[in-house]
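Student: Have a look at this fold, sequence not included:
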RNA sequence: GCGCCCGUAGCUCAGUUGGAUAGAGCGGCUGGCUUCGAACCAGUAGGCCGGGAGUUCGAAUCUCUCCGGGCGCACCA
């Protein structure tokens, strides 16, 4: 609601400036520093002062005069040296909120048919070990961004790319086969046991260490990769077993946080369906790459550095796309994959159902052979967001340069690297985990997570720990309730805490993970926001417990009655904050920062907590005021639920 | 060496395309549960926004420069 009024005022001012002052300009709108100044502030007069050669204050006065009255606006005042402060008509504002005109959908909107598609690719964990805290940041950011876009009505497809034929999977296979002498059926037996992903976590670290101690053993990796690529033999079979089983683990881990996918494109199909062959032809044909005849890259197909770096900083460090032995690098495959996402490759995968979520929604996986079951149409996006950590910026630049070199400028423009900083471990966290740090590392502000070293916090361990901690709190407050319900509530609280923790930081901030902070349920946390929501609901529940019914707000609250109640400045400020979900969402999408929405959720919860303490609601003697306060309560509850919903955080039945 | 990111309260972080007196959480101190459940609230202390120069009516925000920290720059992904 706030946002729509804001944009309307903006449009009116822009039109007025164009018409009566002959100036084309964007109208900046901001929050007044103090709420007593008004509900919106326009500093536009300052911008115009130079062009019009007049004092800002005079311009502001003339402009307000020229604009006249605006529906929904009660007053406009000139303040300071030329601010235009706008005050809303409180009664009509509240009345339209009451009608449900909040400017935001209650949940994801069903996109219009023919609506162009946005693809968000996230998670993308190598299927060779358990997911860790860094992977969670990726998935939670991606998932939340998807929820934001879908709430705004965008048609979004979620892809989780599976690199099932890469070095990392090969290394675990090397571990099973060469270090532990296991057969594929031994591995299958291990998969049937608990926590296969944890088994692989340890094995991967052990194999990596073995390479370090015995460099000659790297030949095993080469042999394994070769067999995996060829697609037959025990090693290839084992690779498939491992990767497929780990993907199942990852999906389960992510589902605990409410994170889902639409399709899992796999590298094995990119190979078998020869996506690269098409891409290679295109690249050669359009001269995006060339065959290097000399120097260190002799015998390789390379992309010149001028393609992906500024012309002035171009040097001889070209990027190898095809190795001298004829195999294609990761970047090459990624260019092919990116082309497919835009529907530019001229090829598609086949698909089969992978897993059904509890509500029946299906995840599909790519496959190399035609299927009888009809799959949805995947790919062919207009905009593509790749949620990948910032350390891969250079490679993402090369991929985009590939598109541009092929002449797909529009798609290059619409390829967005949704980058984020890593999650590292605080020195204290390492101590908690019993990890010994080198003297050098101990002095650092944080230590990088390393799968190869087995250094990291496993996602499932962290979630278990959070649930245990929350369970203790729940049990102490609701000892009378069944352990099952207690556990369910504790789980919702734990997951809310984790999602919020990962979202409260902006994408450019390195998170130095710390158990104490992550396990906190007080202050700026997910549970704080959940708690506010639960309390709002409790008021309404209590009302009904006392034999009263929830009033028919539309019948009892006229715009005049609302205006009367909103003479209370505190109540008005609170309502204003609560009405800004649309504004916060819009800002979070345009800046690409889910953190902004998380911050708003917290501010909204704070405002409600304050409201809760300032206004006794159930005991309010005046009928009109009581009904009004009850309406405010339902409004807060609804807005809190919506905002939490976009953040992927649920609301427990009690706390 | 080159590129990207960060530097804001004791700690961890926000700061909406440059705007009015720079904000929040944690921690510290002082208060508030027989009320709609305190996972809460109110109050308080705490800042040369890393240093310097510039652009501007106006800079935490833009430019340059220096200092400090992190991450990239493979025929790995």
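Tutor: Structure received. Note that the coordinates shown come from a computational prediction; the quantities given were computed from them, not determined experimentally. Residues are numbered from 1 along each chain as shown, chains lettered A, B, ... in the order given.
Student: okay, CA-based contacts and neighbour counts for the rest of this
Tutor: Noted.
Student: gap between residue A:99 and RNA strand B?
Tutor: 24 Å (CA to the nearest atom of the strand, to the nearest Å).
Student: What separation is there between the nearest residue to residue A:503 once chain neighbours are set aside and residue A:632?
Tutor: Nearest residue to residue A:503 in three dimensions, chain neighbours excluded: residue A:595, at 5.2 Å (CA to CA, 6 or more residues apart in numbering). For residue A:595, the distance to residue A:632 under the criterion CA to CA, to the nearest Å works out to 26 Å.
Student: go on, residue A:384?
Tutor: Going from residue A:384 to residue A:632 by CA to CA gives 40 Å.
Student: Then residue A:257?
Tutor: Separation of residue A:257 from residue A:632 (CA to CA): 31 Å.
Student: Next, the contact list for residue A:97, please.
Tutor: Applying CA atoms under 8 Å, 6 or more residues apart in numbering to residue A:97 gives the contacts A:1, A:579.
Student: List phi and psi for it.
Tutor: phi -60, psi -40 (degrees, to the nearest 10).
Student: on that earlier part again, tell me how many other residues crowd the residue nearest to residue A:503.
Tutor: Residues lying near residue A:595 (other CA atoms under 10 Å) number 22.
Student: any idea which element it lies in?
Tutor: For residue A:595, the enclosing helix or strand under DSSP states H and E is helix A:594-614.
Student: Determine the set of other helices and strands touching that helix.
Tutor: Judged by 3 or more CA pairs under 8 Å, 6 or more residues apart in numbering; DSSP states H and E, the packing partners of helix A:594-614 are helix A:133-151, helix A:483-503, helix A:526-545, helix A:569-578, helix A:581-591, helix A:623-646.
Student: thinking again about what came up before, name the residue in residue A:384 and residue A:632 with the higher neighbour count.
Tutor: Taking neighbours as other CA under 10 Å, residue A:384 and residue A:632 compare with residue A:384 leading, 26 against 22.
Student: That one looks like it's in a helix, true?
Tutor: No - according to DSSP: H, G, I helix; E, B strand; the rest coil, residue A:384 belongs to no helix; its state is strand.
Student: Report the beta-bridge partners for it.
Tutor: Residue A:384 has these beta-bridge partners by DSSP bridges: residue A:119, residue A:415.
Student: dump the residue contacts of it.
Tutor: A:118-121, A:341-342, A:414-416.
Student: Farthest-apart pair in those, please.
Tutor: Largest separation among these by CA to CA: A:121 and A:414, giving 13.5 Å.
Student: okay, those two: which has more neighbours?
Tutor: When neighbours are counted by other CA under 10 Å, residue A:121 comes out ahead of the other of residue A:121 and residue A:414, with 26 against 16.
Student: and the stretch 201-350 of chain A, which of its residues are near RNA strand B?
Tutor: Counting by CA under 7 Å from any atom of the strand, the residues of the stretch 201-350 of chain A close to RNA strand B are A:296-300, A:313, A:317, A:319-320, A:322-325, A:328-331.
Student: low-confidence ranges in the stretch 101-250 of chain A?
Tutor: Across the stretch 101-250 of chain A, residues meeting the criterion (pLDDT under 70) sit at A:113.
Student: of all the helices and strands packed on helix A:594-614, which lies closest to RNA strand B?
Tutor: helix A:526-545 (4.5 Å; CA to the nearest atom of the strand).
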